[in-house]
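Novice: any chance you could fold what I've pasted below:
(one chain, ligands or ions: 1)
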Amino acid sequence: MIFFFSGRGIVQYVARSNWSTESWGIVCQLFVIWAIVVSVDLVLSRLLKTGSIMKKIVISTGGGDAPGLNAVIYAVVHTCYKKGWEVFGSRNGYEGFLDVDEMVRLYPRDVEGIYSAGGTILGSTNKGNPFACPVKNLAGEIQIVDLSDKIMRNFNRMGFDCHIAVGGDGSLEIAHKFAEKGMPVVGVPKTIDNDLKITDRTFGFDTAVSTATEALDKLHSTAKSHRRVMVVEVMGRESGWIALYSGISGGADVILLPEIPFDIEAVCEKIADNELRDKQYSIVVAAEGATTVDGLRFNKGKGELGRAEMVLGGVGEWVASEIRKRTEKDTRALVLGHLQRGGSPTTFDRLLALRFGAAAVRLVEEKMFDHMIALVDSKMEAVPIAEAIKGRKKVDLESDKVTTARGIGICLGDEAPQD
Ligand code: F6P
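Specialist: Predicted coordinates for the structure are as follows:
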């Protein structure tokens, strides 16, 4: 205010003067000084009010969705709002960076109550890596183009200070490449598969395990009534976390993990052993990425254009048909599929996602770019994204969970029942 009046005073003083070149020079100099003082005043008052200089953050959610994504968005928006920062959301991964209509300003009122909802209000995609994006040319042919420079230009033009990228291995790999190009990036780990390295947990996993366990609980009664074998295929491309956790908790007789190639003979022997013990039904849980000892892996091909990964699937059906053939037991297979990705996040996932969101903003403040927030020994820690995407976090075969499974008589497909 003071500076506004003093600025006006200067102009009025000069207006009354003779407008010589010298006067103009003085006016200009005074004006520049006045503008600098006003800017410093504004910055200082902002600092005093919020404790930090205003920042402009953009958040994106990429890859397969997972329960808890909305909770991360909620925490980021609220934490930034308290600091006086602006938050924008990029729709469907990087679409907002390519088309300004897909970039939305997020206020607390836009995220009200979303922490308990599944999915992501921003939308997601696991196709169209911006570094190798399939685009139709004028002749209608598909060309692979690198859109990363355009995204960098738009990021800078829009005046963002940081990109909070919420994703699994694929999305974080892309985020890391942008960081290498100079984009300030902070990662948040997401995947129901729980296969990201360094972080003890990713959000979405606990919800997926609960869904799978509940399904197994329900299958027991129908399997028992019909004296059947039920084979349940769950998600888990390279790591069998969902299969192991839900299988143990849901009373499975057999659990097949990508980490332990399985022998179908051992699986059938376990089912026969159940019969001998007068248990005339069996439950088999197979991770979609489980392979046989002969190296048989089950997939449905490449899938949609622009998708990097194979579409896995088929192991449950194959195991069921082999069991039917070899044991003559009535056998059914079912694929839990995307049910595991849906629904409201469990309390564990919700809390973890909220903690990740709030901690990600702290990383922005500390300028810990090209880092991902991780859960390490119950604490929030910053780890280099490059470390988190180096390979997949596999089930530790020496862990207590695997020992427990074997100890309570669950067959893991590598050995038949001992006694
Ligand atoms: O990576 C998570 C995941 O859920 C995998 O377990 C699964 O193979 C894949 O995504 C399925 O992807 P889509 O949604 O494209 O079918």
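Novice: only C-alpha atoms from now on, for both contacts and neighbour counts.
Specialist: Will do.
Novice: hang on, Gly409 packs against Ala252?
Specialist: No - applying Cα atoms under 8 Å as the test, Gly409 and Ala252 come out as separate, 9.7 Å apart.
Novice: shouldn't Gln143 be in contact with Lys136?
Specialist: Yes - Gln143 is within contact range of Lys136, at 6.1 Å (criterion: Cα under 8 Å).
Novice: just to revisit the earlier point, Gly409 and Ala252 - which one has more neighbours?
Specialist: Ala252 (26 against 15; other Cα atoms under 10 Å).
Novice: so the more buried one, which of the three states?
Specialist: coil (DSSP: H, G, I helix; E, B strand; the rest coil).
Novice: neighbours of the nearest residue to it once chain neighbours are set aside, how many?
Specialist: What sits nearest to Ala252 in space, not counting adjacent residues and going by Cα to Cα, 6 or more residues apart in numbering, is Ile283, at 5.0 Å. Applying other Cα under 10 Å, we find 24 residues neighbouring Ile283.
Novice: for Val38, same thing?
Specialist: For Val38, using other Cα under 10 Å, the count is 17.
Novice: got the phi/psi numbers for it?
Specialist: Here is the backbone geometry of Val38 (degrees, to the nearest 10): phi -60, psi -40.
Novice: the residue nearest to Ala252: what secondary structure?
Specialist: strand.
Novice: how close does it sit to the ligand?
Specialist: With distances taken as Cα to the nearest ligand atom, to the nearest Å, Ile283 is found 21 Å from the ligand.
Novice: correct me if wrong: that residue contacts His220.
Specialist: Yes - counting by Cα under 8 Å, Ile283 touches His220, with 7.4 Å between them.
Novice: and the residue of the stretch 301-419 of the chain at minimum distance from the ligand, what are its bridge partners?
Specialist: Residue of the stretch 301-419 of the chain nearest the ligand, by Cα to the nearest ligand atom: Leu312 (5.6 Å). Per DSSP bridges, the residues bridged to Leu312 are Asn299.
Novice: which residues does stretch 299-318 contact?
Specialist: 126-129, 133-134, 231-233, 237, 286-291, 297-298, 333-335 (Cα atoms under 8 Å, 6 or more residues apart in numbering).
Novice: state the distance from the residue of the stretch 301-419 of the chain closest to the ligand to Ala139.
Specialist: For Leu312, the distance to Ala139 equals 33 Å [Cα to Cα, to the nearest Å].
Novice: show me which residues of the stretch 301-419 of the chain are close to the ligand?
Specialist: Contact residues, the stretch 301-419 of the chain versus the ligand (Cα under 6 Å from any ligand atom): Leu312.
Novice: if we can go back for a sec, let me see the confidence value for the residue of the stretch 301-419 of the chain closest to the ligand.
Specialist: In the predicted model, Leu312 carries a pLDDT score of 95.
Novice: how about stretch 328-347 as CSV, C-alpha atoms only?
Specialist: Presented in CSV, the C-alpha positions along stretch 328-347 are these (Å, rounded to 0.1, in the frame of the first residue of the first chain):
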residue,chain,number,x,y,z
GLU,A,328,-10.7,-86.4,-12.8
LYS,A,329,-11.9,-84.0,-10.2
ASP,A,330,-14.6,-81.5,-11.0
THR,A,331,-12.6,-78.3,-11.5
ARG,A,332,-13.5,-74.7,-12.2
ALA,A,333,-11.3,-71.7,-12.9
LEU,A,334,-12.0,-68.1,-12.3
VAL,A,335,-10.1,-64.9,-12.9
LEU,A,336,-10.5,-62.2,-10.3
GLY,A,337,-9.0,-59.6,-12.7
HIS,A,338,-9.8,-55.9,-12.3
LEU,A,339,-12.0,-56.5,-9.3
GLN,A,340,-8.7,-56.4,-7.4
ARG,A,341,-8.1,-52.8,-8.6
GLY,A,342,-11.5,-51.5,-7.8
GLY,A,343,-13.4,-50.3,-4.8
SER,A,344,-12.7,-48.1,-1.8
PRO,A,345,-9.1,-48.3,-0.4
THR,A,346,-8.8,-50.1,2.9
THR,A,347,-7.8,-48.0,6.0
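Novice: which parts of that stretch are buried?
Specialist: Buried residues in stretch 328-347, counting neighbours by 16 or more other Cα atoms under 10 Å, are found at 329-333, 335, 340-346.
Novice: and for stretch 273-283?
Specialist: 273-274, 280-283.
Novice: over to stretch 187-201?
Specialist: Under the neighbour-count criterion of 16+ other Cα under 10 Å, stretch 187-201 has 187-199, 201 buried.
Novice: ok, and which of the residues you listed reach the ligand?
Specialist: Within those, those near the ligand by Cα under 6 Å from any ligand atom are 191, 193.
Novice: show me where pLDDT drops low in the stretch 201-350 of the chain?
Specialist: Nowhere does the stretch 201-350 of the chain drop to pLDDT under 70.
Novice: show me where it has strands.
Specialist: 229-234, 254-256, 282-287, 331-335 (DSSP state E, counting those that start in this stretch).
Novice: can you lay out those as JSON lines showing distance to Val76?
Specialist: Formatted as JSON lines, those follow (distance: least, Cα to Cα, whole Å):
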{"stretch": "strand 229-234", "distance to Val76": "31"}
{"stretch": "strand 254-256", "distance to Val76": "38"}
{"stretch": "strand 282-287", "distance to Val76": "33"}
{"stretch": "strand 331-335", "distance to Val76": "35"}
